[in-house]
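K.L.:
what follows is a protein structure lacking sequence information:
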């Protein structure tokens with residue numbers, strides 16, 4: 001299985017994502033620059049966190065026009081797995097690959113700490129190895145992670161089971177609507193989330209709860225392609 005980690009000017013979690021793939025699933029992974037126009041080689045494309053293009057205008061607003069985004073949209077239509085983390089989630093929203101928008105945190109402060117998430121939907125390529133309603137420890141680091149959508153869009157997200165993660169009840173760090181921490185596309189192959197699973201793949205980092213996101217992706221791909229199980 002081939003993984004790609006997109007790199008924009010200002011990305012700063014690209015190395016973390018690359019190493020997470022290496023350490024959790026040991027599959028081929030490449031850095032892919034934002035000027036690339038062909039992603040056909042890759043089965044899973046990760047859009048890492050950071051400050052793409054300096055977060056000018058809005059987070060992700062300029063990145064949506066990068067040359068690689070046309071290929072990313074094509075990959076999404078083909079059913080390939082796309083994971084947008086933090087700024088990557090913001091880019092997916094700005095590009096229309098996921099619904100909604102990001103606002104400043106309610107506190108108007110940058111929040112960087114561990115966060116407890118509830119796994120709402122285990123029927124995705126990214127969460128199949130988690131348990132329903134399981135609480136997992138995944139860190140956050142963002143200033144604009146306050147997910148917003150109107151009531152009609154929220155009702156649609158719920159109806160289609162597109163809410164994948166919520167912050168633990170009573171511990172919403174940014175004010176996001178319905179405590180949303182991550183959502184997926186209707187087809188389930190595109191996931192955007194503000195917390196950083198790539199920073200939770202080792203006990204040395206304080207949590208290993210992010211490992212199963214990467215092993216879930218590989219297991220799903222192998223099942224789809226009839227390949228052997230991990231290990």
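P.N.:
Alright, I've got the coordinates. Since the model is a prediction, treat every value here as computed from it, not as a measurement. Numbers count the residues shown, from 1 in each chain.
K.L.:
give me the low-pLDDT residue ranges for this protein?
P.N.:
Across the chain, the ranges flagged by pLDDT under 70 are 227-231.
K.L.:
can you map out the helices along it?
P.N.:
Ranges of helices in the chain, per DSSP state H, are 14-24, 68-77, 87-94, 151-159, 211-225.
K.L.:
let me know which of the ones you listed is tucked in deepest.
P.N.:
When the helices of the chain are scored by mean count of other Cβ atoms under 10 Å, the highest mean neighbour count falls to helix 87-94 (a mean of 28). C-betas here are computed from N, CA, C, even on glycine.
K.L.:
which elements pack onto it?
P.N.:
strand 44-47, strand 81-85, strand 101-103, strand 190-193 (3 or more Cβ pairs under 8 Å, 6 or more residues apart in numbering; DSSP states H and E).
K.L.:
which other residues reach it?
P.N.:
6, 11, 13, 46-52, 55, 58-61, 63-64, 82, 84, 98-102, 144, 182, 190, 192-194 (Cβ atoms under 8 Å, 6 or more residues apart in numbering).
K.L.:
what of stretch 209-224?
P.N.:
Contacts for stretch 209-224 (Cβ under 8 Å, 6+ apart): 1, 20-21, 24-25, 27, 43-44, 81, 83, 124-130, 136-138, 196-201, 227-230.
K.L.:
the residues you listed in strands, which ones?
P.N.:
Secondary structure assignment by DSSP state E places 44, 81, 83, 136-137 of those in strands.
K.L.:
mean neighbour count added to the helices and strands packed on helix 87-94, as TSV?
P.N.:
Converted to TSV, the helices and strands packed on helix 87-94 look like this (neighbours: other Cβ atoms under 10 Å):
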stretch	mean neighbour count
strand 44-47	28
strand 81-85	28
strand 101-103	19
strand 190-193	28
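K.L.:
how about these in CSV, adding distance to residue 156?
P.N.:
CSV is the format used below for those (distance: least, Cβ to Cβ, whole Å):
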stretch, distance to residue 156
strand 44-47, 23
strand 81-85, 19
strand 101-103, 15
strand 190-193, 15
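K.L.:
out of the ones you listed, which is closest to residue 71?
P.N.:
strand 44-47 (8.8 Å; Cβ to Cβ).
K.L.:
partner strands of that closest one, parallel or antiparallel?
P.N.:
strand 3-7 (parallel), strand 81-85 (parallel) (DSSP bridges).
K.L.:
give me the contacts around stretch 21-33.
P.N.:
Defining contact as Cβ under 8 Å, 6+ apart, one finds that stretch 21-33 is touched by 1-7, 14, 18, 39, 42, 45-46, 68, 201-202, 211, 214-215, 217-218, 230.
K.L.:
again, only this time at 6 Å
P.N.:
For stretch 21-33, the external contacting residues (Cβ atoms under 6 Å, 6 or more residues apart in numbering) are 1-7, 18, 201, 211, 214, 218.
K.L.:
and stretch 157-174, by the same measure?
P.N.:
Under the contact criterion Cβ under 6 Å, 6+ apart, stretch 157-174 has outside partners 105, 111, 115-118, 120-121, 140, 145-146, 179-184, 186, 193.
K.L.:
in it, which residues are buried?
P.N.:
Judged by neighbour count (16 or more other Cβ atoms under 10 Å), stretch 157-174 contains these buried residues: 157, 162-168, 172-174.
K.L.:
among the residues you listed, which two are most distant?
P.N.:
With Cβ to Cβ as the measure, no two of those lie farther apart than 162 and 173, at 21.1 Å.
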